[in-house]
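> The sequence and its predicted three-dimensional model are supplied below.
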Amino acid sequence: MEPDINRLEEIANNIRRDIIKSLLEAGSGHSAGPLGMADVFTALYFHVLNHQPENPKWEDRDRFVLSNAHICPVLYATMAHAGYFPVQELMTLRKLGTRLHGHPHKNSLPGLEASGGPLGQGLSIAVGMALTAKIDNKSWRVYCMTGDGEIEEGQAWEAFMFAGKNKLHNLTFIIDRNNIQIDGFTEDVMALEPLRDKLESFGLHVIEVDAHNIRHVIDACNEARAVFEKPTAIIAHSIPGKGVDFMEFKYEWHGKPPNAEEARKALEELDKLRTLGGKIIGEHQ
Amino acid sequence: MLNPHAKLSDRLYGEVEQIPTRTGFGDGVVEAGSQNKDVVLLCCDLTDSTKSAKFRKEFPERFVEVGVAEQNMAGIGAGMAYTGKIPFIVSYAAFNPGRNWDQIRVSICYSDANVKIIGAHAGISVGPDGATHQAMEDVAITRVLPNMTVIVPCDYHDAKKAALAMSKVKGPCYMRFGRENVPVVTTPETPFQIGRAETFRQGKDVTVIACGTLVYEALIAARELEGQGIDVRVINCHTIKPIDREAIINAAKETGAIVTAEEHQIHGGLASAVAEVVVKSHPVPMEFVAVNDRFGESGQPDELMRKFLVKAPNIVWSVKEVLKRK
């Protein structure tokens, strides 16, 4: 099916707006990562994944595991827009009694495939799921999002090593390469480069994409499906805080929410984008 | 006297049979695999010594070699459990749950994943490998995790039954056992149910609540004390969590004094689990036979059990101590 890119870009923008609103309401949480991944999540949940939001336990669904689970505001907003639960529920983020915990709890919300928070864990979980599919000869696929700072964890490389050795071609990692982490830029905190070479040497097929070009993200996922010898790692080069000018590229926005004035400005900006035909303007068009 | 309903070995006080408890796990998990095709076994480069080789031979398509990566194994186990499998994740207790506790906490317990964690080579009796490999904190760190069941079998049959029983209950379980030959106290007919402590010896003066290798030691101590006119009840408390409150409270009420015995640190294991019930429900004097807040060292298993004061004579001494305060 040919993706309607204009429509997807508009959805991504709406997801961004809801990320800002839910973070403002919550009063804590991460801003930059969720905004930066809105396009990739839109591509996944509105085109790539074979899933049924109204039937979240459907056995043959593709599995999506969010390993860098602190960016869950984008997961929640995307799931809500995809129909897993009402969009209004996003305003309960991080509040007492919510199903939308500060870091996801699998058993709280139908459609969540894993709990997460401590970094590195989702990669192994995704490997386990892909292994089940392989043993049982199932055709569903597993997608795992991980952060670039996250893969400083040794467990990530244990998971890559296992996936490569066992040729889990039904498994696609998507690495949010936004170059920031809490203490600063990744290459200053703990250098990951040459990342592509490292991943390839662990037996992964590596694709690099612009994380804000939805068509390219979809193409990369399709390419991963066509590779039968290896698991794939998509290095998704992203702009942290994408869509909100004063947040973009700034690691200071990794782990904090906007205040009321900042949220107002952010939504104003995102409104402007919308009036430009639903396009995220800028260097990616 | 020995509880006839426990159907213990008739060679218990004679030429008692000696088998490593880990062999019971190895046979039990094969039985579990035969009964349920969803049972899979993951191992971290320790297939022979954890007695997982039989499973690998019987069900090669359901055996997963993870390599030396216990954190990854816990996560893979969780992912397989989420997708319908019943994974046994197997390594030494020092690494599993020692190395991968965070993964067990979040990937497994927080999601109530149906993963069975097997910690082999636990306790001081690991011997010459020394303190690094003598896991004596594992019961404490697993017992505190919500959703977790914790089992310490006393011998071959106990471990075999436990492995099968674990495969049939939903949710995370941890089972630990040692490396060495252990006297076979029980028989295939001895009752085993997760969460139910078994009274192996009836007695009215004091109760020894033991787990693992210390169950045999407790039975030896009880026989010696019988000769001194002290009637000792011995309970095999193989399930540390959920603990059998009723058996403990009855022991407190009926015998008025309790000694716990385990091959684990004195803090956080069976001693603590029993004390938590006793102090709340029916306080009585207690003594603890356990490793007293220190690391092990190299040596022969039996030498170490003696040096670290977890043998029958230590139980005898503790019983006399506790009776002074009864």
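It's in. Numbers count the residues shown, from 1 in each chain, chains lettered A, B, ... in the order given.

> what are the pairing partners of the helix or strand where B:Glu263 lies, and which direction each?
If you go by DSSP states H and E, B:Glu263 is part of strand B:258-265. Strand pairing for strand B:258-265, determined by DSSP bridges: strand B:206-210 (parallel), strand B:286-291 (parallel).

> among these, which is the most enclosed?
strand B:206-210 (a mean of 30; mean count of other CB atoms under 10 Å in any protein chain shown). Yep, even glycine has a C-beta here, placed from its N, CA and C like the rest.

> ok, now which ones touch the residue in the stretch 101-250 of chain B that chain A sits nearest to?
Distances between the stretch 101-250 of chain B and chain A by CB to the nearest CB are smallest at B:Ser111, namely 4.3 Å. Shown in contact with B:Ser111 (CB atoms under 8 Å, 6 or more residues apart in numbering or on different chains): A:105-107, A:114-115, B:78, B:82.

> Tell me which entries of those residues lie within helices.
Mapping the contacts of B:Ser111 onto helices (DSSP state H) picks out B:78, B:82.

> which other residues reach whichever strand or helix holds B:Arg22?
In this structure, B:Arg22 is located in helix B:21-35 according to DSSP H and E. Applying CB under 8 Å, 6+ apart, the external contacts of helix B:21-35 come out as B:39, B:41, B:49-55, B:58-59, B:62, B:86, B:88, B:118, B:120-121, B:153-164, B:166-168, B:175, B:177-179, B:182, B:212-213.

> In ChimeraX, select just the buried ones from the residues you listed.
Burial among the contacts of helix B:21-35 is assessed by 16 or more other CB atoms under 10 Å in any protein chain shown; the matching ChimeraX selection reads:
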select /B:39,41,49,50,51,52,54,55,59,62,86,88,118,120,121,153,154,155,156,157,158,159,160,161,162,163,164,166,167,175,177,178,179,182,212,213
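
> Could you list which of the contacts of helix B:21-35 also contact chain A?
Filtering the contacts of helix B:21-35 for proximity to chain A by CB under 8 Å from any CB of the partner chain leaves B:Arg62.

> Show me what stretch B:290-302 is in contact with.
By CB under 8 Å, 6+ apart, stretch B:290-302 touches B:124-131, B:134, B:136, B:179-180, B:260-267, B:269-271, B:304, B:307-310.

> Tell me the buried residues in that stretch?
B:290-291, B:296, B:299, B:301.

> Nearest to chain A among the residues you listed?
Of the buried residues of stretch B:290-302, the one sitting nearest to chain A (CB to the nearest CB) turns out to be B:Gly296, at 27.0 Å.

> which residues of the stretch 51-200 of chain A fall in strands?
For the stretch 51-200 of chain A, the strands defined by DSSP state E, counting those that start in this stretch occupy A:63-66, A:142-147, A:171-177, A:180-181, A:184-185.

> Could you dump those strands into JSON lines and include mean neighbour count, distance to B:Gly24 and mean pLDDT?
Shown next, in JSON lines, are the strands of the stretch 51-200 of chain A (neighbours: other CB atoms under 10 Å in any protein chain shown; distance: least, CB to CB, whole Å; pLDDT from 0 to 100):
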{"stretch": "strand A:63-66", "mean neighbour count": "27", "distance to B:Gly24": "36", "mean pLDDT": "98"}
{"stretch": "strand A:142-147", "mean neighbour count": "27", "distance to B:Gly24": "36", "mean pLDDT": "98"}
{"stretch": "strand A:171-177", "mean neighbour count": "27", "distance to B:Gly24": "36", "mean pLDDT": "98"}
{"stretch": "strand A:180-181", "mean neighbour count": "24", "distance to B:Gly24": "47", "mean pLDDT": "92"}
{"stretch": "strand A:184-185", "mean neighbour count": "14", "distance to B:Gly24": "53", "mean pLDDT": "92"}
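
> Take the contacts of helix B:21-35 and keep only those in helices.
Using DSSP H, these in helices are B:53-55, B:58, B:156-164, B:166-168.

> Looking at strand pairing, list the partners for the closest residue to A:Leu204 other than its chain neighbours.
Ranked by CB to CB, 6 or more residues apart in numbering or on different chains and with sequence neighbours excluded, the top spatial neighbour of A:Leu204 is A:Ala233, at 4.5 Å. Beta bridges link A:Ala233 to A:Phe173, A:Val206, judged by DSSP bridges.

> wait, what's in contact with A:Ala233?
Counting by CB under 8 Å, 6+ apart, A:Ala233 has contacts A:160, A:172-175, A:199, A:204-207.

> same check, this time on B:Cys154
Counted by CB under 8 Å, 6+ apart, B:Cys154 has contacts B:21, B:182, B:185-186, B:210-213, B:215-216, B:236, B:238.

> Inside strands: which ones of the residues you listed?
When DSSP state E defines the strands, the subset of the contacts of B:Cys154 inside them is B:182, B:210, B:236.
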